[in-house]
Structure formats: C-alpha cells, structure tokens
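Colleague: sequence plus the predicted model coming up.
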Amino acid sequence: MASKLSMKNNLNNELTITHSDDTLPITVDSVDLSKVIKINSLSELRDKIGYGKHKPPTIWISGYHTKGDNAFGSHIFEWDENCTENHNGGTIIDPDAIFPTDWSDYTQVNNWYNYGSITSGRYKLRYNGTVNVKWFGAKGDGIADDTYSIVSSLNYLQNGYMLDLNGGSYSLFNNINDIPTYINGEACDLNKIPRLYNKANITIQNGRLYAFNPKTGSSKYLFPTTLSIEKCENVILKNLILESKGENYGNTDISSSLSLDDRVKFAEQNGGHALLIVRSKNTKVINVKTLRCGSVSPFYIMSSDRTIATNCYSSPMSLGYAAFACDGWAGDNTEVGFDEFYTELNNCSTDSNGATYGSKNGVLIEDNSVICSVNGGIYKDCYANEAAHQLGAAFGASSAKLYVNGAVVKNCAAIGYSSNTTYDKTLIKVSNTKGEKLRTSMHIQSNTSFGNSEVSYTNCTADIIGGTYWSETELSIPTVIANMKEASHISVELNNCTVSGASTLSVNSNGCYGGITINGGEYTLKNRIFDSNGWGGATSNSNKGFIIKNGAYFEIMNDIIDASLLNSNVNSLCYIKNKDGSNVLTYLYIDFDINSKVVSRSSNFYSFSAISLQGSGLKEKEINDMELINCYDTMPTKERKNNFVVFISKTGTAGSLSKVILKFPENRVTGIAFFDDSWEMRIIEGVVSAIDVSNNDVRQELYISDTSDNLTENKNYVILA
C-alpha cells in the first residue's frame, strides 16, 4: 500500500515528499516519511484502513470527495490511537465512519458528520493557522447542500481560530421547505444550524453562505438563520455575503411569550435572518453583505454589546423589515451581564438591491439598553407599509438612543423616526446628514401616548418631494416634522438646517407636551410654518412650545393656502391651538425672536399667525418679533416696536370717541396710544372693524379717545407700545 517516496531539502530546510504520481510539499518536523500513505479521498479511507486494518501513523488524503478537489492541500493526517474526540468529518476522522455515497441523502450525510465512535483512535489533521471549510467537505458549487460542512467547521473552531470559506458560495438548507408558523415549531434542529457558540477570538472570512432557492413565501413560514453568533466575544466577520430565504420565511416576532433563552433558540431555528449576533460582545463585522430575511432584519443584533460594523451592506428587499436592527429581545443589559448594548455602523448602506422595495427602515433600534451610532453611509429605498404607515425612515429608534452623523438618505419616507415601546426616553440626534427625495417628512414621531422623545437635527439638509401619503393627518401632506404624539412629551430641535419642499414645517393633530425649537437655518415651505392642535408645557413655567430664534429664515411659496392642511379654514401662515379634539390642553408658549424672518410669496396678504387659546391661565408667553415680509400679525412684540402709526382718515364719532382708520407699519398691529397734532394722547379704545389688508398693507378701523380733529391724513404719529 505504501507509495514510493523520495526526500530532499529545500532552501528552508523543509522536506518535500514526492510520490510516484503526485508531488506534495509538506513542512514537517518529525514525520517518519517512510510510513506516509497516500489516499485519493476520504471516500476511500474506510476501505483501505478501516475496521481493524493497519493504521499507518501518517496519511496524506489528496481530496475530500475526489482526488481532484485537493481539499486538504499539503496537510497530512496523523494517527492518535488514544484519541476519543468526536469524529467531525473534517479535521478529526474515525476511519470506521461510513462516507456518504449519495450526498443528497440527508440520513447518510448526518450519519457521516455525527458518527458515534465506539473505540478510541482517530486521524487528526496536522496544520498551522487557518481552518479551511473545504476540509469539512464543503463543495461550494451552488448545487450541493453544504449545511453539514459549514456546521461542522464552525463547531470545530477553538478560541483563537480562523475559518476561511475559501472564496466559495455555499448553499444551505436545501431540504427545508414551507414549514407553517407555530410557536413550538422548528424549521431545523439547533445542531444543524451554522452557529458559532460560546467562542472567543474567532475570525470567519472570505465567502458566501446562502439559503437555497430564495423566494417570497405565500404565507408566513418558519426558516432557520443563515449564520448565528451566540455568546461569543471578540469575533471578526469579514468579506462575507450572507443571504436568507426571503420575505415571509422566518418569524422571530411570534416568540414574545417564550423565555429569554428560548427566544434566542427560536430566532436561530425559525427567524430567517441572514446574520444574527446575540448575547455577544466585541463583534467586528467588516465588508459583510446581508440579504433577505423573513422577520425583523437580515442583519440582526440582539442583546449584544460593542458590535462594530464597517463598510457593510444590508437589504431585506422587502418593506416588512429593517436593513439593520438592534434590540434587547434576548434580555436587557442587566439580564445579559453587559454594561449596555452599543452598536456602531460605519460607512454602511442599504437600498432595494433591484427589488421593488428596500426595507421598512434602514436602521431600527429598540429598548432602553440600546445605543447606536451611525457614521456616514448611504441609506436608500425605505418604505412604510399598510400595517405601519409611520415607518419608512432611514433611521428609527424606540425607547433607545440613536446618533447619526454624516449620512446620506435617498428615496425614503423620512430621515428619522421616533417612537416609544416603553416609558423610557427615545433620543435621536442627527447631524451633518443629507436627505434627498424624501417622500413624507424629515422626521416622523409615531402616535404613542406614553414615554418621552427628544429629537434634534443639526446642520442637516432635507429635500421633501412628497408623493407617499396616508390617512393620518400628519402623513397626508409633506411636512418637515410629522408629530403624532398623544398627550405625552416630545421635544424637537432644528439647528441650522436647510429644508425645502414641505407643505408645513410641523403638524400635530393630537395635543402633546414639549415643543419645537427652530434655531437658525433656512426653510422653504409651501403653505404654513406651524399647524398645531396643541404642543406645549404640561405644567406652567416649562418654557416649552414654539420657539424660533437665531436668524431662522422662512419662505412661504404658495399663492393660496392648501385646503388639505390640518386647519385649512384659517388663512394664516401659523395656526396654533392649545386644545385638541380629545380635550387635551397644553400651556401656550410662543417666542419668535427679532433676528428671524418670514417672507410670503403669495399675491395675498396673509395673516402670519392665528392663535386659539382655550382654558384659563394657560398662556405663558406670546411674542412675535420676527421680520414680516408680505404678511402681517397681531401678536404682541417685545423688541420689535412700531415707532409710528399712519392716520388715514376719520370715519365718524361714537359718543366721546372718534372712529378712525389707522395704517400700521412693519405689518403688525401693535400699540395702545399715539400723540395727535396737538401732542394730546389719543388712546386706542377698541375695534370698529376687522383688519383690512386689501391694499397689501395693514389697516384697521378703531375707536380712539376724544372727538377732536387734530389729525392729518397720511401723517405719521408717534405710537406707544
């Protein structure tokens, strides 16, 4: 049986074994070369040295399935007669194990990889460094089911190992068909799922794992996750493509009634994710692409800390799931034993990947332990769906903390989305981010009636083109801030942003607490700045409500105010109430500073504000010092004062009072008295008729004290505020 061998030293003092029909370079330190036996493939092993036959101390197996596949390269196997380690079909071989004659027969394949040895003695592959998945029989030909090979190679890895997929594409789960959804179901045994469990300092790289025959399910089915990283630390995944089956193949969502441990197993066996990182720490994901899923997300980070993804791409290719998802579904940080659940996405991206839809959110995070930082990247093609009209944003958070900097958002419903699943605060801070072709809003707040949200955008741009509308008032027109919060708190800040295309800056039909601050920036709108049924303090002295400051500039473009607005019957550029249809009352707080400006491009001379104050003692502040161009206001001022009023004409008397028409400069009706030609004070006592703007200026017929005629038409008179 022995092959003919010759030996020679090369420049590195390595020994080369030359067979009569093959040449194999092997680096060895203590090999009895005279006893090295060559075997063409593992399929021949049992016939040649199995069942009581002589066990050569060293063998070289040319290939796994056939001699030509050269699976083991230059590596040799050495006999260890005392070894009782489990045969794994790759690096540890029991020569008595039966090699499958038909790899489509899953019973034969299972028996091969899970052979139950009854005696000691194994051949162990001798190597240094990287483990190759082909050692475990993976073909990567797009036809063979390589699930067992991948599972066996992952199970073999010890702490500190590296697994190389050798640039191949490996089909998984070829035999798993449509398995109906039920809570006790199993799409696959846990030990038959590619799963790295309880390992440290592992690297997996260079290849593609994909679910066989990707498609969309006609109904909801159970389907296993393509690759799971569970209870691991310091794992590196790089240069991988991971693909699940597709829409409706997977259903992690139904596992809410299970224990936390069982939720993990259910997601692995039935969730249909491309990549699941669960209860793991310090995971680095580099240049990894995840595609398709049946629930939640293709790239799902569950109850894990310090997951850093760089240059990664993910697409569900469906409007039912998020491209990247992070939550505490397997327990919060205290239950898992981590300080927090921190995720970082650096220069990552998502789009539709050629499908009709990309995702319901680009990044969606949930639970109070979760913190996510998004740095750069391009997020495209996010859509809402019939079940959740408020979705479709590039970035969303629910009772979690989300930070976004330097990203680009294209063809999404919005840049950001906030919600509350618990009473814990939602925090979203977006900076230096560009939104292009936004279909609904810059930011959407869902209609939760509990929990607080704090949202800010700094140095961001948003081009809102509209086009996707829903029945909810806030989602029926293009807006900058679509606020659906109900009787709970949300604070929004826009800091030096540039926005165009929206109908209104903010709209909220439900009374809620908190407020919105516009701190500088430029906003080109079609109809209105604020359209609100109540957004202010829940208690006095909150200093929350509607604030415009630091040179914010507004340009209102429509000639006629749109009838589709929340309060469409009011011809004003701001309509603010403090009571909604459910009788939720808020304090009224309005503070528009002197450095800010609004320009109306309408041919109509509209009122700037209409204020509807309900309830007793609920007005905290009502000041408008903005510069008004081609519009007028009656709101009180603090710093911007009218220095004079123009007397137009006297229309009559009423007892001891005169009826006069006055014209007010700077397009605002302010003042309590003025001095006539005799320097007598004429006090404004009341209103005769409504404000007249027919001449594109502000005039009003008023009652003033005294009936004397010491007034000159079209003359300016000093007015007292």
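Modeller: Cool, the structure landed. Residues are numbered from 1 along each chain as shown.

Colleague: do a quick rundown of the helices in the chain.
Modeller: 45-49, 106-113, 147-156, 260-270, 333-336 (DSSP state H).

Colleague: Leu573 is nearest to which of those?
Modeller: Leu573 sits nearest to helix 333-336 of all the helices of the chain, at 47.0 Å, using C-beta to C-beta. For every residue, glycine as well, the C-beta is placed using N, CA and C.

Colleague: show residues contacting that closest one.
Modeller: Here helix 333-336 makes contact (C-beta atoms under 8 Å, 6 or more residues apart in numbering) with 260, 279, 303, 305, 328, 330, 339-341, 369.

Colleague: could you count how many residues lie near Trp356?
Modeller: Actually, residue 356 is Thr rather than Trp. For Thr356, the number of neighbouring residues by other C-beta atoms under 10 Å comes to 10.

Colleague: next one: Asn177
Modeller: With other C-beta under 10 Å as criterion, Asn177 counts 10.

Colleague: that older thread, looking at the helices of the chain, which is closest to Glu472?
Modeller: Comparison of those against Glu472 by C-beta to C-beta identifies helix 260-270 as nearest, at 31.7 Å.

Colleague: so for stretch 131-142, what gets flagged as buried?
Modeller: 131-140 (16 or more other C-beta atoms under 10 Å).

Colleague: for stretch 539-556, same thing?
Modeller: 542, 544-549, 552-556.

Colleague: ok, stretch 304-320 next?
Modeller: Those would be 304-320, for stretch 304-320 by 16+ other C-beta under 10 Å.

Colleague: now the protein, which segments are flagged as low pLDDT?
Modeller: Scanning the chain for pLDDT under 70 picks out 1-35.

Colleague: tell me the centre residue of it?
Modeller: Val363 (1.2 Å; C-alpha atoms, centre = their mean).

Colleague: tell me where the stretch 501-650 of the chain has strands.
Modeller: 512-532, 535-536, 546-549, 553-556, 572-577, 588-592, 597-600, 606-612, 619-624, 627-629, 631-632, 644-654 (DSSP state E, counting those that start in this stretch).

Colleague: export those as a markdown table, with columns for distance to Tyr127.
Modeller: A markdown table is the format used below for the strands of the stretch 501-650 of the chain (distance: least, C-beta to C-beta, whole Å):
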| stretch | distance to Tyr127 |
| --- | --- |
| strand 512-532 | 61 |
| strand 535-536 | 66 |
| strand 546-549 | 67 |
| strand 553-556 | 68 |
| strand 572-577 | 73 |
| strand 588-592 | 71 |
| strand 597-600 | 73 |
| strand 606-612 | 77 |
| strand 619-624 | 75 |
| strand 627-629 | 77 |
| strand 631-632 | 79 |
| strand 644-654 | 94 |
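
Colleague: which of those is buried the deepest?
Modeller: Stretch with highest mean neighbour count among these: strand 535-536 (a mean of 30; mean count of other C-beta atoms under 10 Å).

Colleague: which residues sit in contact with the closest residue to Asp164 other than its chain neighbours?
Modeller: In space, and not counting its chain neighbours, Asp164 is closest to Thr130: 4.8 Å by C-beta to C-beta, 6 or more residues apart in numbering. Contacts for Thr130 (C-beta under 8 Å, 6+ apart) come out as 161-164.

Colleague: do you know how far Thr130 is from Leu165?
Modeller: Distance of Thr130 to Leu165, given as C-beta to C-beta, to the nearest Å: 11 Å.

Colleague: hmm, back to that, and Asp102, which of the strands of the stretch 501-650 of the chain is closest to it?
Modeller: Going by C-beta to C-beta, the one of the strands of the stretch 501-650 of the chain nearest Asp102 is strand 512-532, 65.4 Å.

Colleague: quick one: work out the angle between that closest one and strand 572-577.
Modeller: In terms of direction (axes from the mean of the first three to the mean of the last three C-alpha atoms, to 10 degrees), strand 512-532 departs from strand 572-577 by 150 degrees.

Colleague: still on that earlier bit, what's the closest of the helices of the chain to Ile37?
Modeller: So among those, helix 45-49 is nearest, using C-beta to C-beta, at 7.7 Å.

Colleague: run through who's touching that closest one.
Modeller: Helix 45-49 has contacts (C-beta under 8 Å, 6+ apart) with 1, 37, 39, 55-56, 59, 61, 93, 95-99, 123.

Colleague: who wins for most neighbours among those?
Modeller: Counting by other C-beta under 10 Å, top hit in the contacts of helix 45-49: Tyr123 with 26 neighbours.

Colleague: got a list of what that residue touches?
Modeller: So Tyr123 contacts 45, 59, 77-80, 92-95 (C-beta under 8 Å, 6+ apart).

Colleague: how much space separates it from Trp79?
Modeller: 6 Å.

Colleague: same deal with Glu620?
Modeller: Distance from Glu620 to Trp79, by C-beta to C-beta: 87 Å.

Colleague: tell me, how many residues neighbour Ala187?
Modeller: Counted with other C-beta under 10 Å, Ala187 comes out at 28.

Colleague: gap between the closest residue to it other than its chain neighbours and Arg279?
Modeller: Counting by C-beta to C-beta, 6+ apart, Ala187 lies nearest to Leu222, which is 4.0 Å off, once chain neighbours are set aside. Relative to Arg279, Leu222 is positioned 22 Å away (criterion: C-beta to C-beta).

Colleague: equivalent analysis for Glu436, please.
Modeller: Relative to Arg279, and taking C-beta to C-beta, Glu436 is found at 38 Å.

Colleague: so these two - more neighbours on which side?
Modeller: Neighbours of Glu436 and Arg279, each counted by other C-beta under 10 Å, are more numerous for Arg279; the result is 22 against 16.

Colleague: need the residues touching each of Tyr123 and Trp79.
Modeller: What both Tyr123 and Trp79 touch, as defined by C-beta under 8 Å, 6+ apart, is the set Ile59.

Colleague: per the record, what domains does this protein have?
Modeller: Per automatic domain parsing, the structural domains of the chain span 6-128, 384-390+433-640, 644-720.

Colleague: so which of those domains is the most surrounded?
Modeller: Note that of these, domain 384-390+433-640 is the most buried (mean count of other C-beta under 10 Å), with a mean of 20.

Colleague: apart from its neighbours in sequence, what residue is nearest Tyr606?
Modeller: Per C-beta to C-beta, 6+ apart, closest to Tyr606 is Cys631, 5.1 Å.

Colleague: how far away is that neighbour from Asn282?
Modeller: 57 Å.

Colleague: go on, Arg46?
Modeller: 43 Å.
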